[in-house]
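Novice: Sequence first, then the predicted structure, then my questions.
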Amino acid sequence: MFSSPFTFLRRTSSQYQAALWMFLSGILFTAHVALGKLLSGSYEPGLLAFYRSVIALVWVAPLLMRMPLSKFKTKHAGLIVIRSLFGTAGFLLAFYAYSQEFGIPLSQFNAISFSRSLFIVILAYFLLKEQVGPRRWMATAIGFIGVLIMVRPSADMEIGSILALGSALCFGGAIILVKTLSRFHSPLVLLTYANLLSAILTLPVAIMQWENPHSLADVGLIGLMALAGLLAQSCYITGMSKGDASFLSTIDYLRLPMTAVVDWLIFQEFPGPLIWLGAAIIVASTLYITIREAASSPKPAAPVASD
């Protein structure tokens with residue numbers, strides 16, 4: 001009898017399940033950013049960000065209709081709003097960073113986005129008062145050297161790289177707040193609040209940039225972009241809930257070669273050697289930070305993907 005991939009995932013061991021969920025998340029995330037870059041040739045990134053949030057709500061509506069309203073009651077409205085501000089700013093900057101207008105390669109954007117782990121160390125120290133040892137500070141400093149190699153600060157530095165770095169900072173802030181909020185709310189509730197508030201926050205930008213989809217094909221592509229982003233988040237959450245962060249972070253880094261292949265096949269772009277050098281330094285430092293955190297902390301609640 002035919003067995004679906006999801007049935008197979010349920011039958012395998014926990015760590016293998018987690019790895020497969022993370023691998024699926026990487027594929028879906030790559031599809032999401034690739035569709036976003038393709039569509040940015042015809043639509044403004046701010047409008048695409050609005051479409052993404054609204055359509056994501058439409059996709060999850062059937063699940064929300066089964067949930068009692070009591071699940072959405074919260075005593076942490078302020079934190080939810082601040083988290084949504086960080087998250088919305090993060091993916092808005094991301095849309096602009098890899099758009100065809102500012103157009104850094106998707107693989108370069110992806111590599112810079114991993115610097116969010118470096119920002120999390122700093123934000124956790126100042127906002128959550130977490131203890132950070134000298135080894136993690138050293139790894140964080142080395143990671144930022146990798147960022148500098150990729151961004152190459154100068155008078156003619158790429159705007160897309162600056163936007164990508166700002167996106168990583170915002171996503172770092174969002175993840176820090178999710179560490180607190182995930183103790184009180186389910187991932188679905190947090191995702192719903194995030195997309196609802198993001199739709200509201202991006203509405204003014206969408207109104208200024210408004211244009212209806214040009215064709216039914218574009219409607220389909222926009223819908224697929226939103227669905228890929230939503231499913232990528234869901235797979236990420238599921239994977240992180242089933243395995244160790246230090247193990248799964250190595251799977252998450254597969255997004256780098258995935259987006260590099262898309263850059264080459266679809267956009268005829270390929271990052272230069274300095275981008276790969278900077279990416280390698282960031283990956284090594286963030287992987288070390290993740291392993292140190294996993295070794296010194298109890299297993300945390302499943303995180304919610306920030307984008």
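Specialist: Ah, there it is. Numbers count the residues shown, from 1 in each chain.

Novice: Quick one: end-to-end distance for stretch 86-106.
Specialist: Using CA to CA, to the nearest Å, one end of stretch 86-106 lies 21 Å from the other.

Novice: tell me the mean pLDDT over it?
Specialist: For stretch 86-106, mean pLDDT rounds to 90.

Novice: Just the buried residues of it, please?
Specialist: 86-99, 102-106 (16 or more other CB atoms under 10 Å). Heads up, the C-betas are built off the backbone N, CA and C, glycines and all.

Novice: what stretches of this protein score poorly on pLDDT?
Specialist: 1-13, 154-156, 244-247, 294-307 (pLDDT under 70).

Novice: Phe270: neighbouring residues, count only.
Specialist: Look at Phe270: counted by other CB atoms under 10 Å, it has 14 neighbours.

Novice: Tell me if I'm right that it and Thr259 touch.
Specialist: No - applying CB atoms under 8 Å as the test, Phe270 and Thr259 come out as separate, 11.0 Å apart.

Novice: what residues do the two have in common as contacts?
Specialist: Pro105 (CB atoms under 8 Å, 6 or more residues apart in numbering).

Novice: Residues in contact with the host helix or strand of Met138: which ones?
Specialist: For Met138, the element it lies in under DSSP states H and E is helix 134-151. Residues from elsewhere that reach helix 134-151, judged by CB under 8 Å, 6+ apart: 108, 111-112, 115, 117-118, 121-122, 157-158, 161-162, 165, 274-275, 277-282, 284-286, 288-289, 292-293.

Novice: same thing with stretch 161-169?
Specialist: 89-91, 93-94, 96-98, 102, 104, 108-109, 112-116, 119, 147, 150-152.

Novice: can you give me the helices for the stretch 51-200 of the chain?
Specialist: 77-97, 106-113, 116-127, 134-151, 159-181, 187-208 (DSSP state H, counting those that start in this stretch).

Novice: Which elements pack onto the third one?
Specialist: So the one you mean is helix 116-127. Packing partners of helix 116-127 (3 or more CB pairs under 8 Å, 6 or more residues apart in numbering; DSSP states H and E): helix 134-151, helix 159-181, helix 273-296.

Novice: Out of these, indicate the one that is most buried.
Specialist: helix 159-181 (a mean of 22; mean count of other CB atoms under 10 Å).

Novice: Please export the C-alpha coordinates of that one as PDB.
Specialist: The C-alpha atoms that make up helix 159-181 are tabulated as PDB, following Å, rounded to 0.1, in the frame of the first residue of the first chain:
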ATOM      1  CA  ILE A 159      22.900  48.000  -0.200                       C
ATOM      2  CA  GLY A 160      21.500  44.400  -0.300                       C
ATOM      3  CA  SER A 161      24.200  43.200   2.100                       C
ATOM      4  CA  ILE A 162      23.300  46.000   4.600                       C
ATOM      5  CA  LEU A 163      19.600  45.100   4.300                       C
ATOM      6  CA  ALA A 164      20.400  41.400   4.900                       C
ATOM      7  CA  LEU A 165      22.500  42.200   8.000                       C
ATOM      8  CA  GLY A 166      19.600  44.400   9.300                       C
ATOM      9  CA  SER A 167      17.200  41.500   8.600                       C
ATOM     10  CA  ALA A 168      19.500  39.100  10.600                       C
ATOM     11  CA  LEU A 169      19.500  41.500  13.600                       C
ATOM     12  CA  CYS A 170      15.700  41.800  13.600                       C
ATOM     13  CA  PHE A 171      15.200  38.000  13.300                       C
ATOM     14  CA  GLY A 172      17.700  37.700  16.200                       C
ATOM     15  CA  GLY A 173      15.400  40.000  18.300                       C
ATOM     16  CA  ALA A 174      12.300  38.000  17.300                       C
ATOM     17  CA  ILE A 175      13.900  34.700  18.300                       C
ATOM     18  CA  ILE A 176      14.900  36.100  21.700                       C
ATOM     19  CA  LEU A 177      11.300  37.000  22.400                       C
ATOM     20  CA  VAL A 178      10.000  33.700  21.100                       C
ATOM     21  CA  LYS A 179      12.100  32.000  23.800                       C
ATOM     22  CA  THR A 180       9.900  33.600  26.300                       C
ATOM     23  CA  LEU A 181       6.600  33.500  24.500                       C
END
